[in-house]
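Visitor: sequence plus predicted model, see below.
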Amino acid sequence: MREFVAKKIQTVPPSGIRRFFDIAATMDDVISLGIGEPDFATPPAIVQAGITSLNAGETHYTSNSGISELRVALSEHLEKLYGVRYDPETELLITVGVSEALYLALAATVEHGDEVVVAEPCFVSYNPEVIFAGGLPVNVDTRAENDFQLLGSQVEAVITEKTKSILLGYPNNPTGAVMSHERLTEIAQLADKHDLLVISDEIYDRLVYGMEHTCFASLPGMQERTILLGGFSKAYAMTGWRIGYAAAPAEILGAMRKVHQYTIMSAPTIAQYAALEALKHGEEAVQAMRARYDRRRRLIVDGLNDIGLTCFEPKGAFYAFPSIVATGMTDEEFSERLIMEEKVACVPGSAFGTCGAGHVRCSYATAYDQIEQALERMARFAHRHG
């Protein structure tokens with residue numbers, strides 16, 4: 001028989017994250033610093049809103065775009081936070097998590113052979129999704145000396161006549177980096193100069209510490225050339241609800257909705273009602289969870305630096321990205337030996353791009369006392385290996 005699997009799928013390796021999760025699942029007493037999701041349960045009022053919707057018989061398809069009340073609330077939410085106003089009818093789409101929103105953004109805008117600039121280290125799905133859409137990811141390395149921020153000069157150096165868009169993921173997974181207003185302005189000026197689209201994944205926008213998050217679409221002239229991606233998974237501890245959104249100019253959003261219509265129909269109804277409750281009454285819970293993340297952030301960053309695993313200060317999300325170069329091991333070797341010898345799970349930095357090599361991702365979305373124990377185990381490990 002001939003080969004039926006598309007070559008563009010064959011060229012993409014499996015996720016580099018999963019192997020260490022699979023190892024951890026076979027062991028007892030593992031402290032996981034690998035999982036990129038909140039350890040908090042969804043706030044009770046949000047859960048109850050989902051239950052209430054079920055009891056009220058809200059178990060049918062919604063509009064392709066999502067329930068109207070949710071889109072109106074989301075429009076008001078974005079305007080209140082960032083001063084950007086989106087028409088609930090034509091410029092907002094409720095999706096199955098931000099993962100679907102990213103797929104839609106690329107599927108609706110990338111032609112075969114288009115180049116998409118992607119800053120690394122980045123979330124593991126960015127490059128594969130560009131390839132699945134028929135595009136070519138053009139990776140730009142970010143570095144600790146620049147706090148893992150993307151520089152305008154780096155982007156300009158790789159722009160060609162085939163460049164279609166820039167894919168941003170800030171606050172960043174895996175580094176915890178946050179782009180300053182000044183750095184984002186550099187990117188905005190390039191997008192305008194070269195007539196580029198910007199896809200801005202801002203799923204961690206509410207988890208920023210000690211500074212303000214700048215919504216890319218809020219920069220002068222950028223709303224008309226930005227696809228803003230966001231969701232409820234991280235800030236509201238709703239990962240399993242699979243609910244996100246995309247905001248974009250009407251023509252682009254319409255193309256995304258068309259792909260959504262033919263592949264998904266509509267996001268889960270129960271999750272949409274839960275998300276509506278989150279927007280209406282979830283702010284207190286967001287602030288409480290963010291304060292606890294911040295406390296853990298300071299613990300893990302100080303602890304890693306004390307051990308000798310140099311770690312820049314992450315300003316967003318819930319990840320630390322320490323260098324493990326001092327151990328003399330590769331990030332793969334470090335991660336595998338750490339879990340086998342001390343039962344602490346983290347993720348090799350190279351899983352997020354080649355420039356992530358020499359680092360590991362440590363999630364502090366786990367209990368404070370568990371982080372303390374993990375640091376004790378990592379200190380033993382580091383001491384034992386010089």
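Guide: Noted; the coordinates are in hand.

Visitor: mind listing the strands for the chain?
Guide: Applying DSSP state E to the chain gives strands spanning 31-32, 92-95, 115-120, 136-141, 163-169, 197-201, 226-231, 244-247, 319-320, 344-345, 347-348, 360-363.

Visitor: for Arg257, give me its contacts.
Guide: Contact analysis of Arg257 by CB atoms under 8 Å, 6 or more residues apart in numbering lists Asn64, Ser65, Leu93. In short, each C-beta sits where N, CA and C put it, glycine included.

Visitor: could you check the pLDDT of the residue lying closest to the second one once chain neighbours are set aside?
Guide: The one in question is Ser65. Leaving out its chain neighbours, the residue that sits closest to Ser65 by CB to CB, 6 or more residues apart in numbering is Leu93, at 5.5 Å. At Leu93, the model reports a pLDDT of 98.

Visitor: around Leu93, how many other residues sit close by?
Guide: 24 (other CB atoms under 10 Å).

Visitor: how far away is it from Ala255?
Guide: Leu93 is 11 Å from Ala255, where distance means CB to CB, to the nearest Å.

Visitor: circling back to that earlier point, I'd assumed Met256 was in contact with the residue nearest to Ser65.
Guide: Yes: contact criterion CB atoms under 8 Å: Leu93 and Met256 qualify, at 6.0 Å.

Visitor: where do the contact lists of these two overlap?
Guide: With CB under 8 Å, 6+ apart as the test, Leu93 and Met256 both reach Ala101, Leu104, Ala246, Ala248.

Visitor: show me what contacts the closest residue to the last one other than its chain neighbours?
Guide: Nearest-residue entry for Ala248: Ile227, 4.4 Å, with adjacent residues in sequence omitted and distances by CB to CB, 6+ apart. Listed by CB under 8 Å, 6+ apart, the contact set of Ile227 reads Ala105, Thr109, Leu197, Val198, Ile199, Ser200, Ala246, Ala247, Ala248, Ile252, Met256.

Visitor: distance of Ile227 from Thr366?
Guide: Relative to Thr366, Ile227 is positioned 32 Å away (CB to CB).

Visitor: sorry, back to before: ranking by neighbours, what's the top pick from the shared contacts of Leu93 and Met256?
Guide: Within the shared contacts of Leu93 and Met256, Ala248 tops the neighbour count with 31 neighbours, counted by other CB under 10 Å.

Visitor: tell me how far Met238 lies from Ser363.
Guide: Distance from Met238 to Ser363, by CB to CB: 17 Å.

Visitor: ignore what I typed, I meant Ala25.
Guide: Separation of Ala25 from Ser363 (CB to CB): 16 Å.

Visitor: more neighbours, those two?
Guide: The neighbour count for Ala25 versus Ser363, taken as other CB under 10 Å, is higher for Ser363 (26 against 10).

Visitor: in this structure the more buried one contacts Phe318, no?
Guide: Yes: proximity of Ser363 to Phe318 meets the contact threshold set by CB under 8 Å, at 5.8 Å.

Visitor: per-residue pLDDT of the residue nearest to Ala248, please?
Guide: On pLDDT, Ile227 comes in at 98.

Visitor: which residues pair with it across the strands?
Guide: Ile199 (DSSP bridges).

Visitor: give me the neighbour count for Ala288.
Guide: Close neighbours of Ala288, defined as other CB under 10 Å, add up to 12.

Visitor: apart from its chain neighbours, what residue comes closest to Gly34?
Guide: Nearest in space to Gly34, with sequence neighbours left out and distances taken as CB to CB, 6+ apart, is Ala345 at 4.4 Å.

Visitor: same check, this time on Gln370
Guide: Using CB to CB, 6+ apart, the nearest residue to Gln370 is Ile31, at 5.3 Å.

Visitor: pretty sure that neighbour is touching Thr366, no?
Guide: Yes: Ile31 is within contact range of Thr366, at 7.3 Å (criterion: CB under 8 Å).

Visitor: need the residues touching each of those two.
Guide: The contact lists of Ile31 and Thr366 share Ala374, where a contact means CB under 8 Å, 6+ apart.

Visitor: what about the two, which has more around it?
Guide: Neighbour count, other CB under 10 Å: between Ile31 and Thr366, Ile31 has more, with 24 against 20.

Visitor: quick one: contacts for the residue lying closest to Thr11 once chain neighbours are set aside?
Guide: Once flanking residues are discounted, Thr11 sits nearest to Ile131: 6.8 Å by CB to CB, 6+ apart. With contacts defined as CB under 8 Å, 6+ apart, the neighbours of Ile131 are Lys8, Thr11, Val12, Pro137.

Visitor: and the first one, what's its pLDDT?
Guide: Confidence at Lys8, expressed as pLDDT, is 86.

Visitor: wait, it sits on Gly134?
Guide: Yes: in this structure Lys8 lies within contact range of Gly134 using CB under 8 Å: 7.4 Å.

Visitor: I'd say Ile9 and Gly134 touch.
Guide: No: the pair formed by Ile9 and Gly134 falls short of the contact definition of CB under 8 Å, at 11.9 Å.
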